[in-house]
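Q: Please work out how this folds:
(4 chains)
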2 protein chains.
Amino acid sequence: MKRHVLLYGLIGGILIAVLKWTEYRFLVIEHSIEIYGGLIAATFAVLGIWLGLKLTNRQERVVIKEVPVPTGGSFVPNDTKREALGITPREQEILELISQGLSNREIAGKLFVSENTVKTHSSRVFDKLGAKRRTQAVQLGKAFGLLP
Amino acid sequence: MKRHVLLYGLIGGILIAVLKWTEYRFLVIEHSIEIYGGLIAATFAVLGIWLGLKLTNRQERVVIKEVPVPTGGSFVPNDTKREALGITPREQEILELISQGLSNREIAGKLFVSENTVKTHSSRVFDKLGAKRRTQAVQLGKAFGLLP
DNA sequence: AGCAAAATCACCCAAAAGAATGACGACAAC
DNA sequence: GTTGTCGTCATTCTTTTGGGTGATTTTGCT
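A: Numbers count the residues shown, from 1 in each chain, chains lettered A, B, ... in the order given. Sure thing, here's the model as predicted:
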């Protein structure tokens, strides 16, 4: 920061000196308007370029962003693995609702069946997955690729 | 691209015209060297700045590289969100074991504490997450980024 | 030393979940 | 027409879970 201020001052001083000197030359030698203009032009062009660089240099940054892209994109609910485990579509459906944190009663309500039915389905799914609890069923369901 | 070329031409033309006009004024009115110089200076300064910006912009390209990192790889268990929810480390630990499908008894055995203790911890965690069931707690835990 | 948060444990009660068994209708396959 | 699978539902019983309350210990911080 301090260096910058100093530099600006210095350049300003030099510029003024140059101009003064040039003007003097101009007055003495009566034909160098072009030189005069050219000098000023060149000086300010350089100054401008330098300034522009200075201004933009501050934000010159290459950002490499590591975005945790949701792998698999959409997740294809995988009939193949489901059938390999002998799990019926209905059972899979119940398993998904379980994984969403619903109770048996809520699932029953959502599917318009009795709570007992949900219990049998879930029991069978647990059996086929080798799970003893619904949380375990969810865990295994994901491990088998049945759930997202 | 075409627009840029056009712009350059236009600015060039205008510049020449302005200079011509200024020179003319200079010849007619015999005392305006300063104005002449100032104009040139200003023009070239602006041009220089603009040029500088243009030049640096070419190589300044902010590259946002999106690296699809498989989400399972890292996952930092996120102390920030945990504390934001007022969940203690121990509670988080129990939550993780729940999400792995363990029963309260199994968790108790694994952590060498009583089943009652596990129950209190889990109850508190459910409360803080707003969950009524452990499956729901798991679901919410994932939604909050507390679980992988 | 003294406070506050965290962790520990107990007891009781209610609700939810799970296991076991049996049963019935629809439907497709043989 | 028999067989088998699937989905449906009930009943009974045990286990698990969750709610509520209170108490003690550990630990970190002032």
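
Q: Pull the number of nearby residues for the nearest residue to A:Ile94 once chain neighbours are set aside.
A: Distances taken as C-beta to C-beta, 6 or more residues apart in numbering or on different chains put A:His121 closest to A:Ile94, at 4.5 Å, once the chain neighbours are dropped. Yep, even glycine has a C-beta here, placed from its N, CA and C like the rest. Counted with other C-beta atoms under 10 Å in any protein chain shown, residues neighbouring A:His121 total 24.

Q: Name the next helix or strand downstream of the helix or strand encompassing A:His121, please.
A: With secondary structure defined by DSSP states H and E, A:His121 is part of helix A:115-129. Next helix or strand after helix A:115-129 toward the C-terminus (DSSP H and E): helix A:134-143.

Q: if we can go back for a sec, need the contact partners of the helix holding A:His121.
A: A:85-87, A:90-92, A:94-95, A:98, A:104-105, A:107-108, A:111, A:131-134, A:136-137, A:140-141, A:144 (C-beta atoms under 8 Å, 6 or more residues apart in numbering or on different chains).

Q: Emit the ChimeraX select command for whichever of these are buried.
A: For selection in ChimeraX, the members of the contacts of helix A:115-129 meeting the burial criterion (16 or more other C-beta atoms under 10 Å in any protein chain shown) are listed in this command:
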select /A:85,87,91,92,94,95,98,104,107,108,131,133,134,136,137,140,141
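
Q: okay, now A:Leu147: neighbour count?
A: For A:Leu147, the number of neighbouring residues by other C-beta under 10 Å comes to 20.

Q: what does A:Phe112 give?
A: A:Phe112, neighbours per other C-beta under 10 Å, totals 7.

Q: What separation is there between it and B:Gln136?
A: Taking C-beta to C-beta, to the nearest Å as the criterion, A:Phe112 is separated from B:Gln136 by 22 Å.

Q: Can you pull out the low-pLDDT segments for chain A?
A: Screening chain A residue by residue with the criterion pLDDT under 70, one finds the ranges A:1-77.

Q: Contact residues of it facing DNA strand D?
A: A:86, A:88-91, A:111, A:113-117, A:119-121, A:133, A:135 (C-beta under 7 Å from any atom of the strand).

Q: do stretch A:135-144 and chain B meet?
A: Yes. Using C-beta under 8 Å from any C-beta of the partner chain, stretch A:135-144 reaches chain B at A:135-140.

Q: of those residues, list those near DNA strand C.
A: With C-beta under 7 Å from any atom of the strand as the criterion, the subset of the residues of stretch A:135-144 next to chain B in contact with DNA strand C comprises A:Ala137.

Q: Just give me the closest of the residues of stretch A:135-144 next to chain B to chain B.
A: The shortest approach to chain B among those belongs to A:Gln136, at 3.0 Å (C-beta to the nearest C-beta).

Q: contacting residues around the closest one?
A: A:126, A:129, B:100-102.
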